[in-house]
Every structure is written in structure tokens, then in C-alpha cells.
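[1] Sequence first, then the predicted structure:
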Number of protein chains: 2
Amino acid sequence: MSSEPENPSSSTATPPEESGEKISKKAAKKEAAKLEKLRRRQEKEEEASRKTASLSIEEESFSRSYGDVTLNELKSTEDPKAGKWREAVEGKEWTDVRELVEAMEGTEVLIRGRVHTYRHVSSKKGFLIVRQKGSKVQCVVAESKENHVSVDMVKFVRQMNSESFVDVIGYVVLPKDPVTGTTQQVEIQVRKVYCVNSALQMLPLYVEDAARSEADIQAGKPGANQDTRLNFRVIDLRTPANQGIFSIQSWIQIGWRECLLRKGFIEIHSPKLLAGSSEGGSAVFRLDYKGQPACLAQSPQLHKQMAICADFERVFEVGAVYRAEDSFTHRHLCEFIGLDVEMAIHKHYSEIMDLVGELFPFIFNKINENCQKELEAIRKQYPFQPLKFLPKTLKLTFAEGIQMLKEAGVQADPLGDLNTETERKLGELVREKYDTEFYILHRYPSAVRPFYTMPCADDPNYSNSFDVFIRGEEIISGAQRVHDPELLTEQAKRFGIDVETIKTYIDSFRYGAPPHGGFGVGLERVVMLFCGLNNIRKTSLFSRDPLRLAP
Amino acid sequence: MSSEPENPSSSTATPPEESGEKISKKAAKKEAAKLEKLRRRQEKEEEASRKTASLSIEEESFSRSYGDVTLNELKSTEDPKAGKWREAVEGKEWTDVRELVEAMEGTEVLIRGRVHTYRHVSSKKGFLIVRQKGSKVQCVVAESKENHVSVDMVKFVRQMNSESFVDVIGYVVLPKDPVTGTTQQVEIQVRKVYCVNSALQMLPLYVEDAARSEADIQAGKPGANQDTRLNFRVIDLRTPANQGIFSIQSWIQIGWRECLLRKGFIEIHSPKLLAGSSEGGSAVFRLDYKGQPACLAQSPQLHKQMAICADFERVFEVGAVYRAEDSFTHRHLCEFIGLDVEMAIHKHYSEIMDLVGELFPFIFNKINENCQKELEAIRKQYPFQPLKFLPKTLKLTFAEGIQMLKEAGVQADPLGDLNTETERKLGELVREKYDTEFYILHRYPSAVRPFYTMPCADDPNYSNSFDVFIRGEEIISGAQRVHDPELLTEQAKRFGIDVETIKTYIDSFRYGAPPHGGFGVGLERVVMLFCGLNNIRKTSLFSRDPLRLAP
């Protein structure tokens, strides 16, 4: 489009008339032959031109029914005569592919989508599947005088590269037999088709391959490995499953906010650039901030608590969290979205657990109510069972969990943490006994919780803290916090933290602080576990792990 | 509370009986006097103890009506007999201060808030103003046998430090005269009062001072300078104006999401850790990412466009944006929250402007409908006129803007950018002529827009771009983007960008890309300009500028 030759005149075929050279007989003869050739060519061109003119009513109209849209037409020109596409779509509205239904039979529609596949029938007919987001519709391109569809137009459609963007104008028709391989059960009888933007002929990844289920791949069909997918994420994300995953991610946030806002929370944004080293620990990204050493926040912990000291009472945040950990597991990322809550409490940390126990079933129900198509699309590629959860969330104490494990013959340290395997085992036991895959385990040993966790009143070896599990994996961590600056200092020291580096944080409790607590959860993990996916890279739009910083 | 002496026995007054020293006469006499003193003290204590016992029915009950809540009681103990506070609040629900209204006259309530001020009347009576978030109520503490309020209790209340958290149990009464200086028009006749958490006696900043209007400060009352406010932001944020500002910030996001979700957008999160240097330019924060050079995203520009190439069609993002600029103005921060939109368009970049023109009035109306109290609180400290905006947003071309300026005698380069002063002037002219302080200026000169901006079809010196102004300040920048990889490469080179560093971005348009565009706006600026505030640091929870990285 912008690749016009730099010096078009250099390719001219006309002789250099302006040259004053003397001409030999042989040369003159040669020249005459050349001119004769030129004359004949001109005659031919004129004839062709006359033919076009005489056929203009029909042929001209046929040729205007298809073609590449020029970039100039796409530069938001106001001129409806800027080109044939611009003229064809003038005054028309686009219909979404997913909205194409039987009731529209006979109406003319204009749709935009990608060339998903083309099935060649003959030089006069073919089937173009147009995909828009996850939805697909079959468009029938067949030579037809009545519809102004020429063989050349059928050829044009056949030759379009897959993944190109196309505008199709045609009539909605009902197919004789049900169409397989599309989401829409109507067809489009194509009248006009324009290539809005052409994709490369050879793509590094094909949506068809990226969308294959494990079963299909086992059966010998081509798939795509994770690195190829992530390298060409803009193609990978086009699969119906991925479209579904990120729609569900958006819905989780809708549910999250709806429930919390209704309960008097406000949404805050805490800074991610921090002086010092966040909550301590070495797994932070460090940087130079105008000459000052700084790091990226490992969580909004300190600032969300400071927001409570600042009288906001009930706050939540949805924001990036940075972990420089060298974790190569299926559930760790170096950058992810943290969903955080912090709230003043009146009497008991159960106030926080009650919120969790109400909030997440609310979110789960929200997804189940609004995302059936998306869940179906995901399930088709990655089969999973719907998450089992109770309307009233189950709460068990850590000691009760240890006891259940013990009875099942699994030993676990009553003052230590559970490892991934034990957590999974406990998840199984809980599902068997209580028929839920979502539950809260609380009163964790103090030793395995952060320094700002409030110890239990009756036994400082345990703390007013909890974890929440989905399908046997820990997903939420929460607790009542220490709001007393002296106890907080004491506990920080005991954990080996240089209290000078968190002075502002500790000081904020000296100006009056209410009892409070909260919790945090990774958005990507919620999506992953709700949909029973096996890798968090599937639920991060552009994932960041120790080896991946692009795209 | 946790400050028990480390070695309590060292302070004992009893003689060292176990020492085998020989005792002199003088020493013996001294020792006898000591013992006599001790005996007398013990007698006194026993007498006091007997007195307490005999008065237990009355005095004991009186003493249980007030006091400090122990940390143990606040450790979420299940034991209702853990202390007098725990016992007093057992089975009771807390009422929010803002919910205290005349209709509740005579009912007993339990409230929690901060000690805002105490007005001493006599040793037997005083007025305690309790503040919860922005709301205040007057609590009358007066000696009363009937209410079990002793003089000691009045003294206890008087001696509480300001900003301490307090639980008050009492009856709602209607004051004879209207109460000035509180938001609630009822009083609480105090029966019980407990200090939940004590603030330091001397605070580095007082809410009263932080809440003063410019007019009050001019009149000689103490204020607080900006650095003190920002250094002690957890106190500063408690002012009614600040509580209002961040409530409005939360509401802006509610309006933003409600409108966009309704229009088929989904919320995405793009990575902030990028390889290379974002969109180019030197004002980036650089860091080491596991041995790879990386930087913090200056905007979600590249990834939000990639999301469009990935078929999401309509996306928005609310996320942190990092600018390492040395800007010390009232409107620049090094970290702020970007509200971003990117959308596929069908024909014209006006589709994007139409969205802006609908979205922001929707948000403004949302705030006006839901935040009258908050706006009032802000206006009280920082007077401002309500923003003027039209139901149908005004659109002017850049050329029309230049013409208006010219007619007003202001020269501006028709192919250059407007400076802050000219923008402000144009804002005045537009307000005078069209009665709006919110408008769109479009078709900017190409030279002053980023490399990825689509040039106009009719004149490449201009581009399919726009800025949006509130009260004469630029707040939103948007445009149609170049979706053609060749033109994009060409424009990037012309802008001096190393195309190798943005290869993934450019390549994503080779796999098929729809025409698209979008815009970005800083959340803090929307709040600032809607409320006519003079500094963006007022609308950032914990601001980050070239000199400030804490708290």
C-alpha cells in the first residue's frame, strides 16, 4: 500500500525520443518494429478499454463487489467515493457475527471478521468461514449474475490469507443441513467482500492449531507448544478458549467490585515504586529512582494498611504485584494482578473470613450466570468439571486440617506450613467429607505467617490468619494485622527485619489505628483454578516469568 | 501493653533476706522503719481493697463503664469475659456515625470513631466529638449515677489523646440547640466509653490544621504545608476533603467501567515490565530483570494495541503508568493511574471521539448524582465551581482552535503543538462561546503526535488524533493508530526509533490487524480537574514525584 516504487519513470517502455543519436538502417528497422509493436499494444488496450466501457453496467459493477481496501480508505476519510469499499459500506452498520440468528433470514448484513478457513468447492464456489472473536459463520461465495459475483471474485476470496480481516456484505440464509464447525447456525450468501487488512501468507502459529484439545493432539492432529504460543501470543489469544479465559477474567473483576462496593469498600491505588525493600526478602526487583535505591512492591500490603490508618475503613485494590522469585512452577509469575482487600474490624478476624466466604461464591455465581458460552469454549479445549462450592463457605481450623490428614495417615507439622502435596491431599479429604472444593483454613501457626500477623489471644503459637483453597491449591492468604506499633516492632525484629526500612509503615500506627485485617489473591490464579487449568501462563495476558520478558 | 519490664523482680522493695551480711544497729533501726512503712502500706491497700469490695455493686459497675481496651481483647478473642470492653460490646452491633439521625432518638447505639476534639466544661462534664471518616457527632459525657458515669470517667475521656480510636455506647438524644461543627444533628448521651487504640499525645500533623481552607489560613488560623501533609499522609488523608477526593476517585472508576462494560469492552491488564525501552524516549525507569535490561511501561500503548490484534476488539485498562520525567509541575507525577481504552473501529476515528464524548459526561453525571456530600466536603476546603459540560460533547478541529485563538489575537503555530498557556486561553474562549469546560480538539498536526498515529487521508501534515480538555487543561490524548506494518515502520524510523526494539509490536500487525484506535487519561488528573484542585499531589493517594518516594 505504501510500497509504491521509488522511481516509477525508470520502468517506462517508451523510447528516449529526446536523445540526438544518429540512427542506422538496421536500427531504424528495429525501431519501426518496436513502434509497430507499441501501436498494436495500444490498439489492444483501446479495444479492452472499449470492451470495459460497453460492459460497464455489468462488469464494472462486478469488479466493484470485491477487492483490497486501500489504506487511504481506512484513514478515516470523509469521502464516500474514496474507493469501492468506502462506497459499499456507506450508510451501513456492522452486525456482530455472534448476533447472526435465524430470525434475520433474508436481511442483508455487513460483518467484519477474520478469514478463518476457506473450503474450495470449485472455481465457481467456495465456503469462507469468518471468525469474529470466538464466533464463526459460514459465508457462501458462489458465481451469480444476480448477486454480481464473478469467478474472479470467488478466486479473490480463495486467495485471501488466513487471519486477514474481511468485510462481507450478504444475505442471511438458512442452510439446508446444520453447519458443523461454526458457532452460528445461519449462513451468509455473499454479495460483496473486501479485504480490510491482509495477514502474512505464512503465519508462525495457526489459530486452528493453537485451539486443539489435548485429545485431538493425542489423536495426531497438530498442536502448538507453550513457548510458540507465548511468543506469538497475539495469535494464540484468538482461540475461543483464550477469548473465554479473558472474558471470565474481566467478569471476576466485575463480581469482585460489585460485591465490595455494595459493602462500602472504595477502590484505591497504592504506589508500586517503593523506597527500601517492600516487606523485606530478596525477591524484589530493584531499580534506581532518581538516585535513590527503590524497588517494586511485592504486594500493596503496607500501603493498604496505611489506607486503613488514613480512615478509609474498607478498601480494595486491583493492581500489579512484582515478585523476582526464581519460581518455575505452574503457579508462579514475576508480575501478576493482585486483588487485595483491607478492612477495619470491630471484634474478630472472622469478619474478614465472612467477607471472603460471601465474596467468592458471589463471583463464582456471577461467572456461571454470565459466561456459559465462554466456559463451554474453554471446556472444549481444556476439559474440566465445574467447581464445587457451598453457599455457606466451609471454615476449618488449621488444627482440624492436621487432624483430618492424620486420620488419613498423612503426617503434617502442627506448627509448620502445609506443602503443596499435603494441601492437595487435604483438598481431596475436604471434598469427600464436605462436598466442596472451596474452603477456608484458619488459625495458622504464627511461625509460617508474616511479621505483621496478629497472634491468637489464647496461644501465640497460632495466629488470626487464614488461607483459602480452590481445588486443593492455596489461593488466598489473609489475616488480622498487628495494629499496635510496639508489638509490630517486636515481631518485625523477631523476623529479622530492619525496622528502620519500614519506619513510615510502623509509625502510621502511632497516630491512631483501628483493629483491621485483610487478604490478597492473585487474579490469574482465580481464573486458573476456577477453570481447572494447568498453568498460570494460560491466564496471564502477556506473562512474565524468570525467563520471559516479551512480548 | 507488650511493654512489661523484662526483669520485674529487680524492682522489688523487700530486703535481701537471703544475704548473710551482718547487720549494724543503725542499719537494723533503718530496716525496722522500712518494714513499718511496708506494713502501713499493706494495711492501706487492704483497706482500699475492702472498700472496693463493699462498693462493688455500684463503684465496680462504674469503673467497668470506661477504660483502655487491652490488646488481648482486640486479638479476636472468643471469650466475652476477656475484659470489660469485650463484655460491654458483646451482642451489640456498631452503627456508623453518618447513620445517626433524629429518628433514632432514645435508642442505645454503639459507635466507633476517632477522638476529634474534647471540649471541657467542668470536671463533671465535657463534649467529645467523635469522627468517623468525614462524619462527626457530639457525645456528651456527664457525671450521672443513673448512667453509671463517674467523675473519673469524665476525666478519662478528657485525657484521651486526639486521633485515638474510641468505642462509645450511649443514647441518641436531640440537642436543644443545633450543634455546630458536626455533620450529625443528634447527640450521644454517653454511658460507656473505651479507648480502642491510643494515638501519640503529640502528632506531627493535626487533622484540624490539615483541613483548613485557604481563607481560614489567610485569616491567621494554622494550616499545614504540602510537604508536611505528604510526609504524614496517613493523617492528612483523614480530612473530610481528602475522604471526599478518594471517594470520588473510586466513583470515577465505577462510571468508567459501567459505561465501557455496557458497550462490550473487557478489562485487561498488560505487563508493566518490558524489555527494551517502552515507546522510546529517555524518561523511563530502567531495571535489571534476571540479567536482562528492562524498563517500566510508560503506558499500556503497545500491549493494548496488541490486545486488539489478539481479537479482543474493545479493551480498557486501569493500571499504573511510570514516567521518569523531571517534571516539577502541578500536573505531573512519576507514577500514576492510567485509564486506557483501545478499540477496533469500522470506518472513522470519530467512533473513538464519540465514545469519549459519551463516556465522560456519563462519569461526571455519576459523580454529581452520587457524591454531593463529598463534593461539598471538598468545596468547603477548596472552593470551586461545578464543571460545565454539554450533554453532547463539543468537537472542534485543531485548525478551528487556531482560528479562534487568532481572532482573539493569540498566535499559535498551525503545525505545532499548543503550549499550556495557549491551551488555557483556548479553554476560556471555548467556555465563552460554547458554555462548556469539556471539549474535544481533533486533527492535530502529525509532527506533534507519536509515531503510531494515523495521518489524515487528505493531508499527512495532520493526523487522526485528538486531545480532550477540562477547564483549559489537556487531559486525554487519543487517535487512530497505524495498523499497517509498513507505514508503521516508516513512521517509527522517521521519529528516530530503533525499530528492532519494537519488533514484536510491529510484527503483531503482520498477522492481521483491524483498523483501531484509543485514548488514555490520567485518573488523578480527572479528579483534580473535575474538582478544580490546584495540584495533582492532592489526588494521588501516596504521590511519587522526582523528589518523593515515600511514604
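    Okay, I see it.

[2] per-residue pLDDT, the spatially closest residue to A:Val137 that is not a sequence neighbour?
    Leaving aside its sequence neighbours, A:Val137 sits nearest to A:Gln184 (C-beta to C-beta, 6 or more residues apart in numbering or on different chains; 4.2 Å). To be clear about C-beta, it is placed using only N, CA and C from the backbone, and glycine gets the same treatment. pLDDT recorded at A:Gln184 is 96.

[3] any weak-confidence spans in the stretch 401-550 of chain A?
    Within the stretch 401-550 of chain A, no range satisfies pLDDT under 70.

[4] what residues does the stretch 401-550 of chain A put near chain B?
    Residues of the stretch 401-550 of chain A lying close to chain B by C-beta under 8 Å from any C-beta of the partner chain are A:454-458, A:464, A:480, A:483-484, A:486-487, A:490, A:504-505, A:508, A:510-515, A:523, A:541-544, A:546-547, A:549-550.

[5] Any idea what the nearest residue to A:Tyr322 once chain neighbours are set aside is bridged to?
    Excluding its sequence neighbours, the residue lying closest to A:Tyr322 (C-beta to C-beta, 6+ apart) is A:Leu296, at 3.8 Å. When assigned by DSSP bridges, A:Leu296 has beta-bridge partners A:Leu273.

[6] Can you tell me how far A:Leu296 is from A:Thr77?
    45 Å (C-beta to C-beta, to the nearest Å).

[7] Those two: which is more packed in?
    Ranked by neighbour count (other C-beta atoms under 10 Å in any protein chain shown), A:Leu296 and A:Thr77 place A:Leu296 first, with 26 against 19.

[8] The more buried one contacts A:Leu274, correct?
    Yes. Counting by C-beta atoms under 8 Å, A:Leu296 does reach A:Leu274; the two are 7.4 Å apart.

[9] Neighbours of whichever residue of the stretch 351-500 of chain A sits closest to chain B, how many?
    Here the residue of the stretch 351-500 of chain A nearest chain B is A:Ala457; by C-beta to the nearest C-beta that distance is 3.7 Å. Other residues within reach of A:Ala457, judged by other C-beta under 10 Å, total 20.

[10] coming back round to it: quick check on the residues of the stretch 401-550 of chain A next to chain B: which are buried?
    Among those, the ones that count as buried by 16 or more other C-beta atoms under 10 Å in any protein chain shown are A:454-457, A:464, A:480, A:483-484, A:487, A:490, A:504-505, A:508, A:510-515, A:523, A:541-544, A:546, A:549-550.

[11] Can you list which of the residues of the stretch 401-550 of chain A next to chain B are found in strands?
    Within these, residues falling in strands by DSSP state E are A:Gln480.

[12] I'd like to know which of the residues of the stretch 401-550 of chain A next to chain B are part of helices.
    A:Glu486, A:Leu487, A:Glu490, A:Thr504, A:Tyr505, A:Leu523 (DSSP state H).

[13] Buried ones in stretch A:164-171, by neighbour count?
    A:Ser164, A:Phe165, A:Val166, A:Asp167, A:Val168, A:Ile169, A:Gly170, A:Tyr171.

[14] Secondary structure for those - can I get that in JSON lines?
    Below are the buried residues of stretch A:164-171 laid out as JSON lines (DSSP: H, G, I helix; E, B strand; the rest coil):
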{"residue": "A:Ser164", "secondary structure": "coil"}
{"residue": "A:Phe165", "secondary structure": "strand"}
{"residue": "A:Val166", "secondary structure": "strand"}
{"residue": "A:Asp167", "secondary structure": "strand"}
{"residue": "A:Val168", "secondary structure": "strand"}
{"residue": "A:Ile169", "secondary structure": "strand"}
{"residue": "A:Gly170", "secondary structure": "strand"}
{"residue": "A:Tyr171", "secondary structure": "strand"}
